[in-house]
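Sequence plus the predicted model coming up.
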Amino acid sequence: MKNYIKMFGFFILLFIWMFWIARPLQSLLIRLDLFTPLYFQLFLYSLSFAVPTLLYIWIAVPKRGMLYLSKISNANLFYSVLLGFSVQPVGMFLSSIGSLFEKENVVTEFVLNIDLQNEFLIALITIAVIPAIIEEFLFRGIFQAHLLKDKRFWVATLLSSFLFALFHGNLQQFGYAFASGVFFCFVLRKTKTLLSTITMHFTINASQFSMLSFMLLYHPDPTQNQSIHLNQKLFLVLGTGLFSFPFLFLTFYLFHKLKEDPYGVVETETSPGND
């Protein structure tokens, strides 16, 4: 019961931080025309979540190993990268469903506002590297590896994944982010090291941003920013769904290849693997 109280308490505090502090601060910076590059605004927003994360770790986590901060084997590193690629067609399908509720493609809108020729590398760091580290420490490290005890795997997984989806701030990414969060929890549960989910998270963000940047940089289309009709969106949902189907089996196969990392945390009676 004590761990349930901690888990729900941290969930509520993080929810308040997200919607009453971090997002209003981001909106204020935009209105004041400060830090105008969008990737820098994203950096500040992601960095703001390092504050509650570090405070919680400092106050409530007595041992480094409780957050699964351990090395990753070469095999698990390899499969984590492959998983980062194999899940993306499924993510495209979920994002296409989310796009039914958005007038514009919010991801493309974001990238269009970046000077890709001069700011690609720094944008890649703020979009792929920093979020992968901070978000995995926060949503998987604290919720699953520390707050999770005994048979509370699904409680921690659903809570952290729901908040992870809200963190992305739009309906287009909500379903994809929620499903990714759930899958990341299973990967962490199996490998016992956050480096596996950080690797997957980075692979997804970096490859998607790089691919979209390449398309917009070398094949610019002034009409791509316009809304598309509902029937076109429905056709996109159908197409991405059929395309993603075989990749779903590949993802399950690669997940099966993951092993409990020999460098990871040793199983105990209260570890997440014993439910």
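Structure's in. What do you need? The structure presented is a predicted model; accordingly, all values stated were derived computationally and were not measured.

going forward, measure contacts and count neighbours with C-alpha atoms only.
Will do.

Excluding residues flanking it in the chain, which one is nearest Leu163?
Excluding the flanking residues, the one nearest Leu163 by C-alpha to C-alpha, 6 or more residues apart in numbering is Phe15, at 7.4 Å.

And the one you found, how far from Leu138?
As for Phe15, its distance to Leu138 is 12 Å (criterion: C-alpha to C-alpha, to the nearest Å).

picking that back up, report how many residues lie close to the residue nearest to Leu163.
For Phe15, the count of nearby residues is 15 (other C-alpha atoms under 10 Å).

how close does it get to Phe164?
Taken as C-alpha to C-alpha, the span from Phe15 to Phe164 is 10 Å.

Summarise which helices and strands the longest helix anywhere in the chain is packed against.
Secondary structure of the chain per DSSP state H: the longest helix is helix 230-257. With contacts defined as 3 or more C-alpha pairs under 8 Å, 6 or more residues apart in numbering; DSSP states H and E, helix 230-257 has these neighbours: helix 74-86, helix 88-98.

Which pLDDT value does the model give the residue nearest to Leu163?
In the prediction, the pLDDT value recorded for Phe15 is 77.

my guess is it contacts Phe162, does it?
No - with contact defined as C-alpha atoms under 8 Å, Phe15 does not reach Phe162; the gap is 10.6 Å.

tell me the most buried of the helices and strands packed on helix 230-257?
Highest mean neighbour count of those: helix 88-98, a mean of 22 (counted as mean count of other C-alpha atoms under 10 Å).

what sits against Ile133?
Ile198 (C-alpha atoms under 8 Å, 6 or more residues apart in numbering).

That one: helix or strand, and which one exactly?
For Ile133, the host element (DSSP states H and E) is helix 130-135.

The helix or strand following that helix - contacts with which helices or strands?
Per DSSP H and E, helix 130-135 leads on to helix 153-167 as the next helix or strand towards the C-terminus. Counting contacts by 3+ C-alpha pairs under 8 Å, 6+ apart, helix 153-167 packs against helix 2-16, helix 171-191.

again, only this time at 7 Å
On a contact count with 3 or more C-alpha pairs under 7 Å, 6 or more residues apart in numbering; DSSP states H and E, helix 153-167 meets helix 171-191.

Show me what counts as buried in whatever helix or strand comes next after the helix it packs on.
Sequence order places helix 194-218 as the next helix or strand after helix 171-191, per DSSP H and E. Neighbour counts over helix 194-218 (16 or more other C-alpha atoms under 10 Å) mark 194-210, 213, 216 as buried.

so what's the nearest residue to Gln173 once chain neighbours are set aside up against?
Leaving out its chain neighbours, the residue that sits closest to Gln173 by C-alpha to C-alpha, 6+ apart is Ser95, at 5.6 Å. Counting by C-alpha atoms under 7 Å, 6 or more residues apart in numbering, Ser95 touches 172-173, 175-176.

same deal with Trp17?
Not one residue lies near Trp17 by C-alpha under 7 Å, 6+ apart.

Next, Ile72: phi, psi?
Backbone torsions for Ile72, taken as degrees, to the nearest 10, come to phi -120, psi 140.

So it versus Ile204, what's the distance?
Distance, Ile72 to Ile204, using C-alpha to C-alpha: 18 Å.

again, but for Phe183
Phe183 is 13 Å from Ile204, by C-alpha to C-alpha.

before we move on, what about Val51?
Val51 is 25 Å from Ile204, by C-alpha to C-alpha.

Leu248 now?
Leu248 is 15 Å from Ile204, where distance means C-alpha to C-alpha.

and if you look at Leu158?
Distance of Leu158 to Ile204, computed by C-alpha to C-alpha: 21 Å.

Same question for Leu236.
Note on Leu236: its distance to Ile204, by C-alpha to C-alpha, is 21 Å.

pLDDT weak spots in the stretch 151-275 of the chain?
Counting by pLDDT under 70, the stretch 151-275 of the chain contains low-confidence ranges at 151, 219-228, 230, 262-275.

same deal with the stretch 1-150 of the chain?
If you take pLDDT under 70 as the line, the stretch 1-150 of the chain has these spans: 1-4, 7, 26, 29-30, 32-42, 45, 61-67, 103-107, 109-110, 145-150.
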